Each structure stands twice: as structure tokens, then as C-alpha cells.
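A.B. asks: Fold the stuff below for me.
(2 chains)
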Amino acid sequence: MLDRLAELFPPALIDLFVTSFWETLVMVGISGVVAALIGIPLGVLLRLTDRGGVLESLAFNRIAGLLVNAVRSTPFIILLVAIIPFTRMITGSSIGTAAAVVPLTIAAAPFIARLVETSLREVDAGLIEAAQAMGATTPQIVFKVLLPEAVPGIVAGLTITLVSLTGYSAMAGAIGGGGLGDLGIRYGYQRFLPEVMIAVVLVLIVFVQAVQSLGDWLVRRLSHK
Amino acid sequence: MIRLEHIHQTYPGPQGPVHALRGVDLHIRAGEIFGIIGRSGAGKSSLVRTINLLNRPSQGTVTVAGQVLTALDAAGLRAARREIGMIFQHFNLLSSRTVFDNVALPLELAGLSRAQIRERVSPLLALVGLDTLADRYPSQISGGQKQRVGIARALASRPKVLLSDEATSALDPETTRAILALLQRINRELGLTIVLITHQMQVIKQIAHRLAVMEGGRIVEEGDTLQVFSDPRHEVTRSLLDEVVPQALPANVIERTRALLGAAGHAPARLLRLTFSGAAADRPLLSDVARRFTLDLNVVHGQIDEVQGHPFGNLAVVATGGDADLDAAIAHLNTAGITVQEVVHA
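C.D. replies: I've put the predicted structure just below:
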């Protein structure tokens, strides 16, 4: 049994597995963090500028909303190649793992923004009213009331985003981004090694499961509702 | 302490503009508990929110503690709002903060240091009786306790005025009484002016010194609680009062008495409704009347209650006797300060 396994997965392939997994982690991790840095403020702005928000500005809200929806409706594989000039400007290259991080970030940021907006919308308007009655400024309302109250929802949203990014990262192979998905396609499909494909899928299942469980645990820890 | 002048408020609505407030003038004195009562949609919620300008009126001026709020800029208004505490029907506590940190919030917003905050919050928690629950989260305490947190939070910035927006409407009757007693104590001990809006006359009866009745965005009646309770002028006031003090004799009592008095062989008698308040209620007037005039008195219905520590109520009495005695007795009661109404004459 072990012999057969060693035969199927020679050390070179194991190395490739480790490298690919690391590439997936880099792509998902970096794009997740950068997308959160863009998406959370954008989500806050979407909430604040909406009808009845403390910074109500329907023109801004409509334009930002349109932009967010436009990016979210573009299929990822098209986004990946469509923004190549921009990717090259940022990373100096249009291929490789670093280059894949740019489109992943751009795809995830609006997704996070909508999820954050939704969690902020769940915060009872009465809390904002109470804060205003206490003489809170707009930044105070955001940082002392809205965001702390929405933290469990935001963490749940980031968990969903990381899982989606893991899926998207499989397409990064199209621009030489590497990662587990790419390994599965190149070795499992194109070289006809179904064991590799199955192993890739199994590793991804375990990874996604781990991310989701960690996220759920954090949400439970953070929520006092 | 609070002066509202010619307040109008209009919102755009789906069927054209909605007039929430139509010319309200109100003066609330320092140190009093002022109740605003009305049915839902009467405009009381809009009115209480104009006091701290959570609702900016379309017209009119709001003056609190000598400051014209409607003339302040954003920063000035924020500072002025720290002088006005507010408590809410649904408490509006932050679920992400403990009891202690909820009470600390207004102080954090005002930029106090951690040490100053600790110094202020602990006595407030003791005042509202929550010192042992400081580390709990709102989800772990009862509704009454949540409202106590709300009260402590409203008092944290040492306001001059406390606004209460249906603060007891989500609580059971016993908890309501306890919260009202706490508000009364705060009013007495801290000299805080309290404005409370409610749809429950019971709340007004228990703690308001004065009240205003609202209907259709206007104040339709205003006065001392005892005076309004004993002599309501407006139809809306009467109907709101009906839940605590029935405004008329129930029809079945009148029917029963009418049948009794109409029965063959019954001596001349009348069904009288006596309404009294204040000093008149403290004297033994019924036995006095029975002794002075040749009358038999039979109480068939009635209620005696207390408003602001003054007894107050009404009794329905069947008085049997000669017409001359009956007329004299009614005149005697009238001079003693009792309103006598003849319901059935037989």
C-alpha cells in the first residue's frame, strides 16, 4: 500500500504539492488581506452614504454601487486577462503568483464591500440614534458603534470571501499563477494523473473546511448577541 | 429649562408631505417630570426628538438650558447634546459591549481618560443597582436591567435633562413600576428635569408632575396632572384617561340601578355620580350627608386612586329619600367641592 503510494507520489511530485499549496496560501492570503483593506472602508462608505445614512449622498452611493456591481458581474477568468496592463503596472509582470494576486484582490474587494455593507445594515438604527443623542461625531459612530457591532458579521463575510478566493485562485493558472488548482489541471487533467487531481481536491476540501471552521469559531467568540 | 416655540415638522411621504408636528409650543420647567401622552402617530415621538434635535423641525426654535439648539452649528450641537440624556423603548445598548462599557460609551465619546471613566461609571452602576452585573453583556441580563443600564448611560455625562422615549413600554407592569420609581428618585436626588413620552396613562399617573396630551401633531391639553385627571377637557384626554379612571359609569350599572329604582314600591331615589379630588376626599362626607339629611346611601360603583400623592376618584351612589332632602344634600356636596352628576332620577 505504502509502496504504491510512494510510486504514485514520487518526492518530486510531493515537492510540487508543497510549492503549489504555498502558492495558493500566498494568493488567497495576500489578496484576502488587501481586499479587506479596500472592501471594509468601501462597505462603510456604501452604508453611510445610503438613504438615511449619517453621510447620506445618493449620487456617490449610486456610482460606487454601480462600480461594485460591475466588477462583481465580470467573470473572474475575463477579469484576470482584462486587467493585465494594470497588473503589470503594479507588479511589473503579467504572469506568476504575484501577478495573480492583483486580479484576485480586485475581484474580492467589492464582494467584501457588499458583505460589510450588509452586516452594517443589520446594526439597529436605534444604536446610531443613541450615539447621535450622546453627541457622537461621524467617525465615532463608525469606530465606536457601527464597526464593533458588525464585527461578527464582517468576520463571517471575510470567511466566505477566503473560501471564494480559494476557488478563484484555481483559475490563476491561466496566467501562470500556480497554486493547487493549477497543479490539478496540469498534472491531473493534462498529464492524465487522476490520483493527483483527487489529492488536490482532497487537500482543498480540508483547507476550506479549516478556514470555515476557524471563521465560525471566531464569530462565536466575538458575538455577544 | 426646555422651551419649544412654534414647532412644525413635515416629512416627505409616499402620499405627499406628512405633517408630524403642527405648531407646538411647550415650556418645561427645571426639575419637573413632564409627561407627554398620546396615541401612536400623535407626534409625541417626533416631539421628544426635536428636544435634542435628533429630528430637526422644519420651523420653530428649541431652547434647552438657555441655549438655542436650532441656532447651533454641528460641533455646538454635539456639545449641547451631552447635556441631554436619552433612554429608549428598546434600550439601544451595544451588544458588543459589557454593561460597564455601555455606560462608559458617552464618556469615551467625550474624550475622558480610562481612570476618569472608571471613577464615574462605578457610582452610576451602584445608583441603578447594577454594580454586580458590570461585566455582563446585554444579552445576559433582563429587560428591566437593560433599561437600568440605559438610564446609567444617559446619566453618565451628567446631563441637565433626561428624555425618555416610551422607556417602559417594552417592560412588564412590575418592572415598569420599578423603573418609574428609579426615575422619580433620580429626579428628586439629582434635580434632573425629565421629559417622558408614553401611551400609558398609568405611567403619567405614577410620576408626572405635569402633562401634555397630543393628537394630530398638536398639544390639545396641558396642565398639572391632578388637575387634568380630575377635570379632563379634551375628548382625547378623556378617552386616554378611561383606562385608569373610567370616565363614565358602565352601562350595566346604570341599567341595573334603573331597574331597581323603577321597581314597584321603591321610594324616590336618584343615582348620583360624585367626583372628588384633593382635600374633599379626606373628609367623611357620605356619612355626614346621611346624618344631616334623611337619606339612605348605597354605593353601587366607584374607584378611589391617588395622583401625585393626592386622593382622587369617583363614586356612584343611590340616594333614597325625599326630593327636598336630595336637593339639599346635592347642594351641600357641591359646596364641599364635589362634582355631583345625576345619572338616573326616579
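A.B. asks: what about the helices in chain A?
C.D. replies: Assignment of helices within chain A using DSSP state H yields the ranges A:2-8, A:11-49, A:58-73, A:76-82, A:84-91, A:97-121, A:125-133, A:138-140, A:147-169, A:180-183, A:194-222.
A.B. asks: contact partners of stretch A:183-193?
C.D. replies: Stretch A:183-193 has contacts (Cβ atoms under 8 Å, 6 or more residues apart in numbering or on different chains) with A:13, A:16-17, A:20, A:170, A:173, A:194-198, A:200-201. Yep, even glycine has a C-beta here, placed from its N, CA and C like the rest.
A.B. asks: Provide the count of other residues in contact range of the closest residue to A:Ser119 other than its chain neighbours.
C.D. replies: Closest residue in space to A:Ser119, ignoring its immediate chain neighbours: A:Gly153 at 2.8 Å, by Cβ to Cβ, 6 or more residues apart in numbering or on different chains. Number of residues near A:Gly153 (other Cβ atoms under 10 Å in any protein chain shown) recorded here: 20.
A.B. asks: can I assume A:Gly153 is in contact with A:Glu117?
C.D. replies: No - using Cβ atoms under 8 Å, A:Gly153 is not in contact with A:Glu117; the gap is 10.3 Å.
A.B. asks: For stretch B:223-240, buried residues please.
C.D. replies: B:223, B:225-226, B:228-230, B:232, B:236-237, B:240 (16 or more other Cβ atoms under 10 Å in any protein chain shown).
A.B. asks: Now the two most distant members of those residues.
C.D. replies: B:Leu226 and B:Val236 (18.7 Å; Cβ to Cβ).
A.B. asks: Let me know the closest of the contacts of stretch A:183-193 to B:Glu166.
C.D. replies: Closest to B:Glu166, out of all of the contacts of stretch A:183-193 and judged by Cβ to Cβ, is A:Ala170, at 54.8 Å.
A.B. asks: ok, that closest one - contacts?
C.D. replies: So A:Ala170 contacts A:179-182, A:184-185 (Cβ under 8 Å, 6+ apart).
A.B. asks: make it 10 Å
C.D. replies: A:Ala170 makes contact with A:24, A:27, A:76, A:177, A:179-185, A:200, A:204 under the criterion Cβ atoms under 10 Å, 6 or more residues apart in numbering or on different chains.
A.B. asks: Nearest to B:Ile179, out of the helices of chain A?
C.D. replies: helix A:125-133 (17.3 Å).
A.B. asks: Any stretches of the stretch 1-150 of chain B with poor pLDDT?
C.D. replies: Nowhere does the stretch 1-150 of chain B drop to pLDDT under 70.
A.B. asks: where along it do the helices fall?
C.D. replies: Counting by DSSP state H, counting those that start in this stretch, the stretch 1-150 of chain B has helices at residues B:44-51, B:74-81, B:99-109, B:114-127, B:143-155.
A.B. asks: gap between the longest one and the chain center?
C.D. replies: By that I understand helix B:114-127. Distance of helix B:114-127 from its chain centroid, counting by Cα atoms, centre = their mean, to the nearest Å, is 31 Å.
A.B. asks: which parts of that helix are buried?
C.D. replies: B:117, B:120-121, B:124-125, B:127.
A.B. asks: about what we covered before: out of the helices of chain A, deepest packed?
C.D. replies: Comparing the helices of chain A by mean neighbour count (mean count of other Cβ atoms under 10 Å in any protein chain shown), helix A:180-183 ranks first with a mean of 25.
A.B. asks: which sections of the stretch 201-346 of chain B are below the confidence cut-off?
C.D. replies: For the stretch 201-346 of chain B (pLDDT under 70), the answer is B:264, B:346.
A.B. asks: show me where it has helices.
C.D. replies: B:201-207, B:225-230, B:235-241, B:251-262, B:285-292, B:323-335.
A.B. asks: Show me how far the second one is from its chain's centre.
C.D. replies: Think helix B:225-230. 11 Å.
A.B. asks: Close to chain B: what parts of chain A are there?
C.D. replies: Neighbours of chain B within chain A, by Cβ under 10 Å from any Cβ of the partner chain: A:123-138, A:140-141, A:144-145, A:147-152, A:222-225.
A.B. asks: Which residue is the nearest non-sequential neighbour of the most centrally placed residue in chain B?
C.D. replies: In chain B, the centroid-proximal residue (Cα atoms, centre = their mean) is B:Ile204; its distance is 1.7 Å. In space, and not counting its chain neighbours, B:Ile204 is closest to B:Gly35: 4.2 Å by Cβ to Cβ, 6+ apart.
A.B. asks: correct me, but that neighbour touches B:Glu221?
C.D. replies: No - the pair formed by B:Gly35 and B:Glu221 falls short of the contact definition of Cβ atoms under 10 Å, at 11.9 Å.
A.B. asks: Give the residues shared as contacts by those two.
C.D. replies: B:211-213, B:228.
A.B. asks: Pull out the buried members of these.
C.D. replies: Buried, going by 16+ other Cβ under 10 Å: B:211-213, B:228, out of the shared contacts of B:Gly35 and B:Glu221.
A.B. asks: Quickly list what's touching both of A:Gly153 and A:Glu117.
C.D. replies: In contact with both A:Gly153 and A:Glu117: no residue, using Cβ under 10 Å, 6+ apart.
A.B. asks: picking up where we left off before, and of the contacts of A:Ala170, the nearest to B:Gln145?
C.D. replies: Out of those, the member with the shortest distance to B:Gln145 (by Cβ to Cβ) is A:Leu204, at 48.0 Å.
A.B. asks: about what we covered before: quick one: closest of the helices of chain A to B:Asp101.
C.D. replies: Here helix A:147-169 is closest among the helices of chain A (Cβ to Cβ), at 9.8 Å.
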